[in-house]
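Trainee: I'd like to go over a predicted model; first the sequence, then the structure.
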Amino acid sequence: MNHWIIAPVILPALLAPLIAFVMRHDIVVARAASAIGTLALLAISIGLTVLAAKGETHVYYLGNWPAPFGIVLVLDRLSALMVLLTAILAVIVLLHAMITEWDNRGRHFHALFQFQLMGICGAFLTGDAFNLFVFFEVLLIASYGLMVHSGGKTRLQAGLQYVVMNLVGSTLFLFALGTLYAATGTLNIADLVVKVQESSADDSGLIRVAAMLLLIVFGIKAALVPLHFWLPATYANAPAPVAALFAIMTKVGAYAIIRIHGMAFGPDNPATDTLIGDWLFPLALLTIALGAVGVLGARRVGPLLSYAVVGSMGTLLLAVSVFDPYATTTALYYLIHSTFSAAALFLLADLIVARRGNDWLGLQPATMHNGLFAALFFVAAIGMVGMPPLSGFLGKLMILDALSAPEVIGWAWTAILVASLLSILGFARAGSILFWKSTSASMNTADVSNTAAAQDHRSAPIPAVGFDVAPAMLAVALLVALAATAGPVTSYLEATSAQIYESSGYVDAVLNGASEEAR
Amino acid sequence: MELLVASAVGALTAGGVYLILRLRAFAVILGLALLSYAVNVFLFSTGRLAVNKPPVLDGYTVTDFAAYTDPLPQALVLTAIVISFGMTAVLVMFALGAYLEVGDDKIDMQAPDQPDQGATARDARDPEHEQIKFRFEPKERDV
Amino acid sequence: MFSENSLLAIIAILPFLGALVPGIMIRAGRNACASFTAIPTVLALVLLGALAPGVMDGTVYRYEIEWLPQLGLSAAFFLDGLGLLFACMILGVGLLITLYARYYLSSKDPMGQFYTYLLLFQGAMLGIVLSDNILLLLIFWELTSLSSFLLIGYWKHLPEGRQGARMALTVTGAGGLAMIGGMLILGQIVGSYHLTDILAAGDQIRASEWYAPALILILLGAFTKSAQFPFHFWLPHAMAAPTPVSAYLHSATMVKAGVFLLARMWPALAGTDLWFYTVASVGLVTMVLGAVIALFKDDLKALLAFSTVSHLGLLTMLLGFGTKEAAIAAVFHIINHLTFKAALFMTAGIIDHETGTRDIKRLGGLARLMPITAVIGTVAALSMAGFPLFNGFLSKEAMLHEAAHTTWYQNSWIVGTLATLGALFSVAYSLRFIFHVFAGPPRDDYPAKPHDPGFGMWAAPAFLCIFVIAIGVAPFLATPVVKMAAEAVTGQDLTFYLKIWHGVNTAFLMSVAAILGGAILLVMHRHLDRIWVAAPRPEAKAIFDRLIAASVGSMRGLTATLHHGAISRYLAIVVAVTVALGAIAFTGGTMGPVTRDLTPVPPVVFVGWVLLMAAVAMVVIHHRVRFRALVVIGVIGLMISSGFVYLSAPDLALTQITVETVTILLLLLALHFLPKQTPIESGAGRRTSDAALAIATGVAVAALAYSFMLRDFSTISDFHLANSKSGGGGTNVVNVILVDFRGYDTYGEIIVLGIAGLCIYALMEALLNGPAGRKLRNADFGADRSRDRHPLMMVVATRVMLPIALMVAVYIFLRGHNQPGGGFVAGLIFSIALLMQYMASGFAWTTRRKRFEYHALIGFGVLIAGLTGVGSWLAGRPFLTSNFGYFEFPPIEEFELATALLFDLGVFLCVLGAVMLMLYSLSRLARHAGETVNQEPMEYDPSLAVRAPSSTGKGA
């Protein structure tokens, strides 16, 4: 059995306590350890992706108990991809946090960061429904700590709301799992697939409820309207690097829907048939609409980006909701894209806001390096709203192409295209206010005085050392790369979604795979 | 018995839901506590009910499974209890922190996008909408 | 291998590479910057020249690179007559503009930026005309919108620049998005996104039922780009851009993109009634409207802008006719319009540059002041008016000829008449351009002292004027080019000759009429202008602004109403949605038959149930009195635990009761800092609705639980029962599941605890160093504090209990694997013992007697657990494989317990550490709040003798 499969979980899990309890008094050492750990995670996840790309589903039998009785980790293309995505994002975010000294504005940033990574990777790798819950909790509680990192009034309030909302979500998750167990008597996902397929249509009540409750649980994570309410306040008030890292958190929800509903509760099984898709589709449409509305209406940079994230989640889930391989392929491509574009924008916003002193889209004199930030913001925004030539455009194009079945085309295309227009407007407004208007002659010293009110406890204008834009640039560069390599990437993703929808392969690997049974 | 357990779960849930909809953090904490009771019992009951069949083996090998109640939900509940304990602790501290920062323990806050102390009236109005005449042409009219 | 085809890719990529140059070269000075910017353009032109002969002979060059085959998107380029014509126009004019801009831009303007944007735009434009893949075309299409956004907003400090830019982006962007839809449909009809395939499949496309939507969407894109009515309004505002931009984008290239697309798609889409009536009509209306408005514009650039609108309408109309002759005329006019309009814009720029104004009312008599400019302007303007011997005349003649022979809804004269009208007005405004600007006595009231600019500035327009006259006098020169392009458009072989004199025919009479009428109009201009000013007209910009403002406002309102920050409402929505969807899902399915009969209920259990229900009711009713609520919560926990005992779950009972205790203790300690009462804030109505929702939820959950408790099921846990002892080495199956079967869950669980500790610690740090810390110091929580802080009884009791409690903890810990108990419970009992010490004797006293560091406790806990798991790797086993069975020789009881114990030890330490860390944080709060710390137990608190704000003993 390949022990590397569990490395993405164990590595941070062992590193974090060391950072927290041995190096907690020396930020430099903590940084070094955290950085090395994250890079190692990246290396490992690359290795795992290469391994998974061969198409075989690798199973790791924890405690050496045979499935479905013990807990298994499953490495297939999808989980490998998500772990890799997490690792790349983590490197970028960590860099930013270090360069901008965010990590030094409160205690235990790096420990919590590593625990966060552990939680996310664990959630992606696990093949057990209840274990998924456990790792949801790990990544959530770590995110609570990161969310209120360095404190502050509004941030604490938002943090409290974030915690409450997620505790309700977790409770719901347990209700869902209970129902699931009561119906099928199992927790292992592969076994679940089998049990659900065996279940007869005339005893489908519990399974349907379980599927629906799970959809809602994951919907909360994925900011599916009307379960999204926690997101704007949270993202807008979280420390920038954390907000950037959260770009992957919403994707965890999307991943779970693809994994569990895509494999177990898809339209092809008698118990749930089209129940999930029928509800996910309209809600995703609402999500797209609301995201666009928020972007155009935003008064501050934080909410602007938050609603952009909501909108992108809507687009992503819309593609997921039809549960067919090609649509899922496009969804996955868009997932990668939106992760990086959101991260890029949040990191940029952090630098810009730090220079402006507050994040209001208001009149203010231009700050240092106005041109540089204008250019970067322009490119990142192009990525987010899905204008060419970046990956956002290709992603949207593919999703439109995938959603051209007569029964969905009208709603889907209208929603996506109109929403794109509104977002373009919104970002054009924001950019023009931030970078153009600020240079206008009407900007007199009077304005400077009353913009001192900073949202964070950080001193206003600091000159760019050029260094601190590197992480954001890296994220933008990834968007470019993603667009340039769209062909190969998509063919990997095609294989991925094929693997998801031929669930038999997954099931065989897990249930009939050889755990070295020595008992 | 089943009826009692089910009704108990229902009551706990109802009470919890009512309390989490209150406006003060403390009430919400109580509500979440009730909810976690509810979900624990619910989860436990998924193993179906059994009296005097604790899952503690008396022999090396098990012959009669019916002699023991379903251990798995119990294990799950245990995990759930521990986790919710940690969560509650964090929640309490958050509530405390928010209270100390804000001055009251109201749980609602202003919308993320509304003007707050950081903003002035100038920020609130949209800066890009003063009417502008076409350049070099005092009486601009076009169709 | 290298072929001419691959030249295409190079041509397409050159401008983008070139875009990098200016940014660097600007450091070398403005001349260097300009000349280096010209290099890529020149290169591209040369390469094109290399391919031109081949294209003339009818060969079509192709080059393709795979990009996104799954979608059908590839970097495919092809070059035919039409492409060649446009490519030359784009690059040629681009070159002239580069030259012109060098002298136009003032030293304050960042020239490097300008040239970068310019080349980006050039590349995008070139891409449009060279793409062989409509998806690729889309990409370049949107790129032109973006780059023109940057160019229009180039003078970013000017509001009209910013607004014009955003208006252009909005309108053209919207069109572009519509076109995305259209192109995708088109591709799906044909089954390929290759332009060449699509052009070949015209009949199939026109036959498909998706033809109409595809056509409409594509036309939306084309019309917005080419400023066709009713989308024409953005173009005049785009004139806020520097004049070189106006000359390049808004006369020669970008606005022609729409026309180009119509021409390009002509074989695939043209020829239907839908095409004719939409395209031709829109073109006709635009032509007349633009011409009329142009006459009354006093800003030179506005005049030219609307004349451009009008001419674009003319082209659109011609392509709309759908006849070969019309297509030829269109191609011919594209060339001519390019030459004279670009020249005119540059002239306007020169005038603005020299005199400092573009207001025609303030201009006049420039013929004497700046003769060269006057000559250039006049030649170009006459061509625009369509006077003989200038190229404008020929194409306008052809246009009128086509118009005269077009019937519109059985009406054979309306098109012709309107076309003449349009021509008439364009004569009028062209003449106005000449007479009101150059003619008349020289004025001396100019902001600046006007004189002819240097050669560099008038070279470009003069060069264009050469074409104006050359083609005008000897049209046969243009014939091969027009033939090449027109054949590419129509996809058929054409034979025709462009000549000056077609004899006295309708078209000739029409243009004569136009010229005369135009002259008369000009004479009457003053009066007409007065009428025009008086007449009410909708102001496009005002409407657009209001529209945008309104939408932004409403969006803002909607967002604010939805996201009011009241989480209590959010939660209500989430709960309601959950219940509703759950119910829908449930009712949509069916339940199997009931297979279990109810378990009997002994009275004592019933009493317990009643107690529980009562307690729940109590909590809900009295939740405002916080202490009471906490106590009652405790009762609930007790009831539930006893329920667990009765329902054969001893472990649960044990855990529940201990967790209960710790939680409530912590809550009590926290409550010390919180208000003791919850005020009534929600009205009766809201409380009722909340109650209703709550009850609904409760009923739903109860029903769900009841429904499955009555039905049997097969579960995987039989395996656990069977293997617990033999495989896991413990008789307490629940514990074995926790530390072995599902040890990974437990691992995650203790990590959650550890993180909880960290979060709390970090949070406290942030709090105490923030404003909250200061607040605390001034706060007085002592109001309800008893003077004797540590009652003797309690102190003694706890001291006695401590060792007992610890022993119990150890016992529970050790028996865990076989009997109810385990590390978690043990840890809790241990910490309860310490908690009691704290409550009894004060924190400081206790801490001074503690010998361990809480952080370290958690750390070791997590590490031990983790390493126990990793340890199994040494034996080549998966993570968390319990030691039992590692060795060949028969297992020994103690030994077999080892790993489980180790793991459980991790749990134990983690729990202890987490709880104590929370306690520690709370006590730090307390000390900040000025609670004096007793060094000895049972000591008397001096600070409370006098009820001064407790400030003493801060240092402790």
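Mentor: It's in.

Trainee: Low-confidence regions, the chain specifically.
Mentor: Reading this off chain A. For chain A, the stretches flagged by pLDDT under 70 are A:1, A:367-369, A:441-466, A:514-519.

Trainee: I was thinking of chain C, sorry if that wasn't clear
Mentor: By pLDDT under 70, the low-scoring segments of chain C are C:1-2, C:779-791, C:842-852, C:883-898, C:930-956.

Trainee: Grab the longest helix from it for me.
Mentor: Counting by DSSP state H, the longest helix found in chain C is helix C:893-928.

Trainee: Check whether it comes into contact with chain A.
Mentor: No. Judged by Cβ under 8 Å from any Cβ of the partner chain, helix C:893-928 and chain A are separated, with a smallest distance of 9.4 Å. In short, each C-beta sits where N, CA and C put it, glycine included.

Trainee: go on, stretch C:625-640?
Mentor: No. Figure legend: stretch C:625-640 not in contact with chain A (Cβ under 8 Å from any Cβ); closest approach 15.3 Å.

Trainee: buried stuff in that stretch?
Mentor: By neighbour count with 16 or more other Cβ atoms under 10 Å in any protein chain shown, stretch C:625-640 contains the buried residues C:626, C:629-640.

Trainee: same check, this time on stretch C:269-284
Mentor: C:269-270, C:275-276, C:278-284.

Trainee: try stretch A:37-45
Mentor: Neighbour-count burial for stretch A:37-45 [16+ other Cβ under 10 Å]: A:37-38, A:40-42, A:44-45.

Trainee: Give me the distance from it to the chain's centre.
Mentor: Stretch A:37-45 has its C-alpha centroid displaced from the chain centroid by 18 Å (Cα atoms, centre = their mean, to the nearest Å).

Trainee: swap in stretch A:358-375?
Mentor: 28 Å.

Trainee: Could you export that stretch as PDB, keeping only the C-alpha atoms?
Mentor: What follows is stretch A:358-375, C-alpha atoms only, in PDB (Å, rounded to 0.1, in the frame of the first residue of the first chain):
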ATOM      1  CA  ASN A 358      -9.700  51.700   3.400                       C
ATOM      2  CA  ASP A 359     -11.600  49.600   0.900                       C
ATOM      3  CA  TRP A 360     -14.400  52.000   0.000                       C
ATOM      4  CA  LEU A 361     -15.000  52.600  -3.700                       C
ATOM      5  CA  GLY A 362     -14.800  56.300  -3.100                       C
ATOM      6  CA  LEU A 363     -12.900  59.300  -4.400                       C
ATOM      7  CA  GLN A 364      -9.300  59.200  -3.300                       C
ATOM      8  CA  PRO A 365      -6.000  60.500  -4.600                       C
ATOM      9  CA  ALA A 366      -4.000  57.900  -6.600                       C
ATOM     10  CA  THR A 367      -1.600  55.900  -4.500                       C
ATOM     11  CA  MET A 368       1.900  54.800  -5.300                       C
ATOM     12  CA  HIS A 369       2.400  52.500  -8.300                       C
ATOM     13  CA  ASN A 370      -1.100  53.300  -9.400                       C
ATOM     14  CA  GLY A 371      -0.300  52.100 -12.900                       C
ATOM     15  CA  LEU A 372       1.100  48.800 -11.900                       C
ATOM     16  CA  PHE A 373      -1.900  47.900  -9.700                       C
ATOM     17  CA  ALA A 374      -4.300  49.200 -12.400                       C
ATOM     18  CA  ALA A 375      -2.700  46.800 -14.900                       C
END
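
Trainee: That stretch and chain B, are they touching?
Mentor: Yes. Counting by Cβ under 8 Å from any Cβ, chain B has neighbours in stretch A:358-375: A:358, A:360-363.

Trainee: Show me which of the residues you listed are buried.
Mentor: Among those, the ones that count as buried (16+ other Cβ under 10 Å) are A:358, A:360-363.

Trainee: Can you tell me which of the residues of stretch A:358-375 next to chain B is nearest chain C?
Mentor: residue A:361 (11.0 Å; Cβ to the nearest Cβ).

Trainee: Not counting sequence-adjacent ones, nearest residue to that closest one?
Mentor: residue A:433 (5.0 Å; Cβ to Cβ, 6 or more residues apart in numbering or on different chains).

Trainee: quick one: that neighbour from residue A:362, how far?
Mentor: Using Cβ to Cβ, to the nearest Å, residue A:433 is found at 7 Å from residue A:362.

Trainee: cool, residue A:168 as well?
Mentor: Following Cβ to Cβ, the distance that separates residue A:168 from residue A:362 is 35 Å.

Trainee: do residue A:30 as well
Mentor: To residue A:362, residue A:30 is 37 Å away according to Cβ to Cβ.

Trainee: Check residue C:452 too.
Mentor: Using Cβ to Cβ, residue C:452 is found at 47 Å from residue A:362.

Trainee: Specify the local secondary structure of residue C:62.
Mentor: Look at residue C:62: counting by DSSP: H, G, I helix; E, B strand; the rest coil, its state is strand.

Trainee: Verify the stated contact: it with residue C:80.
Mentor: No. Contact criterion Cβ atoms under 8 Å: residue C:62 and residue C:80 do not qualify, at 9.7 Å.

Trainee: Just the buried residues of stretch C:625-640: which are in helices?
Mentor: Short answer: those in helices (DSSP H) are C:626, C:629-640.

Trainee: For those, give me a markdown table that also has distance to residue A:190.
Mentor: What follows is these, written out as a markdown table (distance: Cβ to Cβ, whole Å):
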| residue | distance to residue A:190 |
| --- | --- |
| C:626 | 48 |
| C:629 | 45 |
| C:630 | 44 |
| C:631 | 47 |
| C:632 | 45 |
| C:633 | 40 |
| C:634 | 43 |
| C:635 | 43 |
| C:636 | 39 |
| C:637 | 37 |
| C:638 | 41 |
| C:639 | 39 |
| C:640 | 34 |
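
Trainee: restrict those to those near chain B?
Mentor: Contacts with chain B within those, as defined by Cβ under 8 Å from any Cβ: C:626, C:629-630, C:633, C:636-637, C:640.

Trainee: which one of residue C:62 and residue C:80 has more residues nearby?
Mentor: residue C:80 (26 against 15; other Cβ atoms under 10 Å in any protein chain shown).

Trainee: Pull the contacting residues for that one.
Mentor: Residue C:80 makes contact with C:55, C:60, C:488 under the criterion Cβ atoms under 8 Å, 6 or more residues apart in numbering or on different chains.

Trainee: same question, residue B:20
Mentor: A:164, A:168, B:27-28, B:31-32, B:35, C:568, C:571.

Trainee: Then residue C:465?
Mentor: Residue C:465 neighbours (Cβ under 8 Å, 6+ apart): C:339-340, C:343, C:376, C:379-380.

Trainee: leaving aside the residues next to it on the chain, what's closest to it?
Mentor: Leaving aside its sequence neighbours, residue C:465 sits nearest to residue C:379 (Cβ to Cβ, 6+ apart; 4.7 Å).

Trainee: do the same with residue A:202
Mentor: In this structure, residue A:202 finds its nearest non-sequential neighbour in residue C:590, 5.0 Å apart by Cβ to Cβ, 6+ apart.

Trainee: Look at the one you found and give its secondary structure.
Mentor: Secondary structure state of residue C:590, per three-state DSSP, is coil.

Trainee: just the one 10 residues further on next, same as before
Mentor: For residue C:600, the secondary-structure state derived from three-state DSSP is coil.

Trainee: burial count for it?
Mentor: 8.

Trainee: What distance do you get for the closest residue to it other than its chain neighbours to chain A?
Mentor: Nearest-residue entry for residue C:600: residue B:1, 6.9 Å, with adjacent residues in sequence omitted and distances by Cβ to Cβ, 6+ apart. Using Cβ to the nearest Cβ, to the nearest Å, residue B:1 is found at 16 Å from chain A.
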